[in-house]
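S.K.: Coordinates for the following, if possible.
(chains A, B and C)
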Amino acid sequence: MPDPRFFTRKGPFRVREIAAWTGAASPSGSDLDRSVSDLSYLKKAGPNDLCYLSGPEHAAAAQASKAGACLTIESLTDLAPPDAVVLIAKDPQAAFSVVADSFYPNRSSPIMDAEQMPNGALIHPDAVIAEDVLIAPGAVIGPGAMVGARSRIGSMTTVGTGVMIGEDCDVGPNVSIGYCLVGSNVMIHPGVRIGQDGFGFVFDSVAGRHRKVPQLGRVIIQDDVEIGANTTIDRGTLDDTEIGEGCRIDNQVQIGHNVSLGKRCIIVSQVGLSGSCKIGDDVVIAGQVGLADHVRVGPKARIAAKSGVMRDIPPGTVVMGYPAKPIRTFWREVAALGRLTGKGKPS
Amino acid sequence: MPDPRFFTRKGPFRVREIAAWTGAASPSGSDLDRSVSDLSYLKKAGPNDLCYLSGPEHAAAAQASKAGACLTIESLTDLAPPDAVVLIAKDPQAAFSVVADSFYPNRSSPIMDAEQMPNGALIHPDAVIAEDVLIAPGAVIGPGAMVGARSRIGSMTTVGTGVMIGEDCDVGPNVSIGYCLVGSNVMIHPGVRIGQDGFGFVFDSVAGRHRKVPQLGRVIIQDDVEIGANTTIDRGTLDDTEIGEGCRIDNQVQIGHNVSLGKRCIIVSQVGLSGSCKIGDDVVIAGQVGLADHVRVGPKARIAAKSGVMRDIPPGTVVMGYPAKPIRTFWREVAALGRLTGKGKPS
Amino acid sequence: MPDPRFFTRKGPFRVREIAAWTGAASPSGSDLDRSVSDLSYLKKAGPNDLCYLSGPEHAAAAQASKAGACLTIESLTDLAPPDAVVLIAKDPQAAFSVVADSFYPNRSSPIMDAEQMPNGALIHPDAVIAEDVLIAPGAVIGPGAMVGARSRIGSMTTVGTGVMIGEDCDVGPNVSIGYCLVGSNVMIHPGVRIGQDGFGFVFDSVAGRHRKVPQLGRVIIQDDVEIGANTTIDRGTLDDTEIGEGCRIDNQVQIGHNVSLGKRCIIVSQVGLSGSCKIGDDVVIAGQVGLADHVRVGPKARIAAKSGVMRDIPPGTVVMGYPAKPIRTFWREVAALGRLTGKGKPS
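M.R.: Here you go, the predicted model:
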């Protein structure tokens, strides 16, 4: 189904191969040599397509589906599409993602090969570019910058003086990176701004105006991080701004100077983290949340969408509201307010 | 009044011409040969300027105005500037916009002609560029991309592999477009990001980390759409993200993967639409609203600024609040909360 | 401590010199010839480092510090690091910023010298470039544009037709500026969009669709302004959008058409100011606040984070909430709501 204009399909593959990649098992007697040529949804799949069935709520769609192969969990085997070879996996959606990587080796950014274009990129003679790096036309790589093996730098992207980018990174077009060390296997989407000045100034009462606090730190981005389009990450004042390994950051997120994100955090779109916030490992922050400066969030805490957080959040807590409070309290207050007026059903 | 540094004025025009463009009528005996050389406000207009009077609240300004011509509605004719030729239109502001298009053929982006510049744009030999297309210096057009007649592509803009752009489009500078089909008469402002990966991953419990869900869909943008600066639109996972005909999207809006917008929707600045939201025709979403994923909004619904929407919204409903509720309920609760403390006047 | 990869250090300097720059005084008998080679924090400072002590809450860190020199206020002199030469200033943090400017002449953007790069910038022959201007590779300067002395224009930045930029400005990479007059000493961070169309249209009931209102104004930016990464500022409809002298605007702020900001305003990240808002001098607007259109905010008013403002705010007032109200009322209502349910502690 993916548009061949944008995605190059590999395959077809046999069910046997898919089973090997995903660790999935098939009921005895299954036709492991059945050929699968594409991916699809239950509703749109044809006899050459692989799909997945993740829960009983999709039983009707599955029964009507013409899919040729279906990833599912053991307890749903009987509900799978009638003509499909069944592949039993622990997590069918995760397994489907594994297979998708084989059918469509993932291309995140519209990166084009400079050698095919009439003009090349602008690479400073003192920059160090490793092997198999693709630098798109119009990119600028500054003096002393380093780009690791197999990384790709999109068109019109600025990699500033001294910036280090690890291996297997994928940096989209129109990105600016300065004052930053980037690990390996990092994906940076278009329009991301990394390393600009933090928002720091003091009021100079003698001069009668704000005086800029020099911003002399860096941004450190660990391995396996993804950063969404038009997100901004300021560099630190003297210490660094840090993004931990495995973090997933959505579009249009603002990360202030000296913020520290632990490992595997999920930060949804349009969240704002003010200066010096310290976020533990495995924290989830939903869309449009704002944190005041210096707030500390404990590991595995979760913050519901649009919350305004002014105080520290203990580990494992779930909060919501403006100001944020334990999520049960939030909903209890919503109900109480509704009773006050005799109408309270949120929509 | 517009600065000639930026806007090239045409004209002067006669009242007769303005009447013809707008369908406006003048009282008998009006001087239809009066010449008008520019546009202005009631307060600043001189004897060669056209202005408009849209409501009785501007009566004093109109009486003091020196304007030479004035668009207004029939019932306000007597309140028009004393020396002005009156032009009676159904909607004076809309008529004024029509006239402005003639005085100042609208130029949205600082697009410059590549031929006048020392270096040209970077156009892949396999790209297809129609007639009368203007591609600004520093733009990159990828292999297989198509740009329709009379469209303009701003400087430092990336048009990715296989992207199709229709006729009469105006794409600003520093834009990234990938995995996308764009209709005709679409205006895309600077810094817009279209077609990057959606924010999709599953937790792979075996590997102990998040696994990226491959994003294999596209973005489809219908005709007559406007997209504001630094807005981000992710491509779909397997299906497409869709923007309906005539939608107006403001700056810094986030549109997640697989969102579908109906026709003529108005999405104000800093709104966030999470993945798979389905928005009907003629919906208005005010600034900084957030929608949870998979929310459905019925046609002609309106969502007030800063609302947080977690449930479906029926057609024609007006909601407000966090969580969003019918707008009357919201204001009733605001009042009830004020009474609890003896002070409740919002400011 | 700053990473020499990114920051070039000057010095060492003598305490005597630091005292002269900052107006600080040392107790009699201090070693004013002591040499200082870098800046640091109390905790990390060594015998050649300067740090500062701003309040008694840092007394323990100061006592344990090995710093060689320390800026502080008179009343804290006895708490300064034991081996440090003490420098007594009115505002130690402001003085520290002054010194930092001497050690690290501040470079905000990864701007590279076009002459060192294989290809230069694209400068229209009718553009006027003053002396000592640095234009980075990949920048485009349009016809009739002017760039004042000592200003720097980052890579892949578009300076549109007729745009005027004053002296000593620092414009980051990947910026778009059109329809704009910029004063002197203005810092514009990466990804900023200035001068695109405002979000204005009228519904044309005859045509059954929205009609664009031509946007014929400009953006005027006074001296000493800082504008954060990916912020958007629309141009005016007929009048101008105006940013007053000394304003500090953070990342991802949205400023609509015809907004007017007074002098020295502080606008924190992700704030949205709708069209035609008029903001007085010295106003502080915290993160993620939204203002409805045409709202007037009096001088020295303060708006707490995430507030939604629909009515005018008198001078000097502090407001918070959604809808915004006097901040005491907001907190009284939060407490009242908590009492309703027996649990109300915000977190």
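
S.K.: what are the bridge partners for the nearest residue to residue A:307 once chain neighbours are set aside, then?
M.R.: Nearest non-adjacent residue to residue A:307, counting by Cβ to Cβ, 6 or more residues apart in numbering or on different chains: residue A:324, 4.3 Å away. The C-beta positions use only the backbone N, C-alpha and C, and glycine is treated the same way. Judged by DSSP bridges, the bridge partners of residue A:324 are residue A:321.

S.K.: Alpha carbons of the helix or strand harbouring residue A:328, in PDB - could you do that?
M.R.: Assigned by DSSP states H and E, residue A:328 belongs to helix A:327-341. C-alpha atoms of helix A:327-341 as PDB (Å, rounded to 0.1, in the frame of the first residue of the first chain):
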ATOM      1  CA  ILE A 327      -4.800  12.500  38.600                       C
ATOM      2  CA  ARG A 328      -7.500  11.000  40.900                       C
ATOM      3  CA  THR A 329      -7.700  14.300  42.700                       C
ATOM      4  CA  PHE A 330      -8.000  16.100  39.400                       C
ATOM      5  CA  TRP A 331     -11.000  14.000  38.200                       C
ATOM      6  CA  ARG A 332     -12.600  14.200  41.700                       C
ATOM      7  CA  GLU A 333     -12.400  18.000  41.400                       C
ATOM      8  CA  VAL A 334     -13.800  18.000  37.900                       C
ATOM      9  CA  ALA A 335     -16.800  16.000  39.200                       C
ATOM     10  CA  ALA A 336     -17.300  18.200  42.200                       C
ATOM     11  CA  LEU A 337     -17.300  21.300  40.100                       C
ATOM     12  CA  GLY A 338     -19.900  19.700  37.800                       C
ATOM     13  CA  ARG A 339     -22.100  18.900  40.800                       C
ATOM     14  CA  LEU A 340     -22.000  22.500  41.900                       C
ATOM     15  CA  THR A 341     -23.800  23.500  38.700                       C
END
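
S.K.: Now for whichever residue of chain A sits closest to chain C, how many residues are close by?
M.R.: In chain A, no residue comes nearer to chain C than residue A:160, which is 2.2 Å away by Cβ to the nearest Cβ. Counted with other Cβ atoms under 10 Å in any protein chain shown, the neighbours of residue A:160 add up to 29.

S.K.: Let me know the pLDDT of it.
M.R.: At residue A:160, the pLDDT value in this model is 89.

S.K.: I figured it was touching residue A:195, is that so?
M.R.: Yes - counting by Cβ atoms under 8 Å, residue A:160 does reach residue A:195; the two are 6.9 Å apart.

S.K.: where do the contact lists of the two overlap?
M.R.: Shared contacts of residue A:160 and residue A:195 (Cβ atoms under 8 Å, 6 or more residues apart in numbering or on different chains): A:176, A:177, A:178, A:179, A:180, C:110.

S.K.: Top of the residues you listed by number of neighbours, please.
M.R.: The most crowded member of those, judged by other Cβ under 10 Å, is residue A:176 (33 neighbours).

S.K.: Pull the contacting residues for it.
M.R.: Counting by Cβ under 8 Å, 6+ apart, residue A:176 has contacts A:157-158, A:160, A:192-196, C:109-110, C:154, C:172-174, C:190-191, C:229.

S.K.: do the same with residue A:225
M.R.: Taking Cβ under 8 Å, 6+ apart, we find residue A:225 in contact with A:183, A:186, A:187, A:243, A:244, A:245, A:246, A:247, A:248, A:249.

S.K.: Number of residues surrounding the nearest residue to residue A:151 once chain neighbours are set aside?
M.R.: Excluding the flanking residues, the one nearest residue A:151 by Cβ to Cβ, 6+ apart is residue A:169, at 4.1 Å. Residues near residue A:169, counting by other Cβ under 10 Å, number 24.

S.K.: mind listing what residue A:285 touches?
M.R.: A:265, A:266, A:267, A:268, A:271, A:273, A:279, A:291, A:297, A:302, A:303.

S.K.: Next one: the fifth one from residue C:215, what distance?
M.R.: Taken as Cβ to Cβ, to the nearest Å, the spacing of residue A:271 relative to residue C:215 amounts to 31 Å.

S.K.: Can you spell out the domain ranges of chain A, please?
M.R.: Listed domain ranges for chain A are A:13-103, A:114-330 (source: automatic domain parsing).

S.K.: Now look at the shortest one and say if it contacts chain B.
M.R.: Think domain A:13-103. Yes - using Cβ under 8 Å from any Cβ of the partner chain, domain A:13-103 reaches chain B at A:23, A:39, A:40, A:41, A:90, A:91, A:93, A:94, A:97, A:98, A:100, A:101.

S.K.: centre of the chain versus that domain, how much separation?
M.R.: 26 Å (Cα atoms, centre = their mean, to the nearest Å).

S.K.: Now the terminal residues of that domain, how far apart.
M.R.: Start-to-end span of domain A:13-103 (Cα to Cα, to the nearest Å) is 9 Å.

S.K.: Would you mind checking the average pLDDT for it?
M.R.: Rounded mean pLDDT across domain A:13-103 is 94.

S.K.: what stretches of chain A score poorly on pLDDT?
M.R.: Low-confidence segments of chain A, defined by pLDDT under 70: A:1, A:106-121, A:206, A:343-347.

S.K.: want to throw the contacts of residue A:225 into CSV with distance to residue C:28?
M.R.: Listed next are the contacts of residue A:225 as CSV, based on distance: Cβ to Cβ, whole Å:
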residue, distance to residue C:28
A:183, 52
A:186, 55
A:187, 60
A:243, 49
A:244, 50
A:245, 53
A:246, 57
A:247, 53
A:248, 59
A:249, 54
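
S.K.: Who is residue A:181 paired with across the strands?
M.R.: Per DSSP bridges, the residues bridged to residue A:181 are residue A:164, residue A:220.

S.K.: how much space between it and residue A:255?
M.R.: For residue A:181 relative to residue A:255 (Cβ to Cβ), the value is 16 Å.

S.K.: who's more crowded, those two?
M.R.: Neighbours were counted for residue A:181 and for residue A:255 using other Cβ under 10 Å; residue A:255 has more, 29 against 21.

S.K.: my guess is that one meets residue A:236, correct?
M.R.: No - using Cβ under 8 Å, residue A:255 is not in contact with residue A:236; the gap is 10.9 Å.

S.K.: about what we covered before: residues contacting the residue nearest to residue A:151?
M.R.: Applying Cβ under 8 Å, 6+ apart, the residues contacting residue A:169 are A:147, A:148, A:151, A:152, A:182, A:184, A:185, A:186, A:187, A:188.

S.K.: Mind checking which of those are in strands?
M.R.: A:147, A:152, A:182, A:187, A:188 (DSSP state E).

S.K.: Work out the gap between stretch A:322-339 and the centre of the chain.
M.R.: Put simply, stretch A:322-339 sits 31 Å off its chain's centre (Cα atoms, centre = their mean).

S.K.: Would you indicate which residues of that stretch are buried?
M.R.: A:322-327, A:329-330, A:332-334, A:336-338 (16 or more other Cβ atoms under 10 Å in any protein chain shown).

S.K.: Stretch A:135-149 too?
M.R.: Residues of stretch A:135-149 classed as buried under the neighbour-count rule (16+ other Cβ under 10 Å) are A:135-148.
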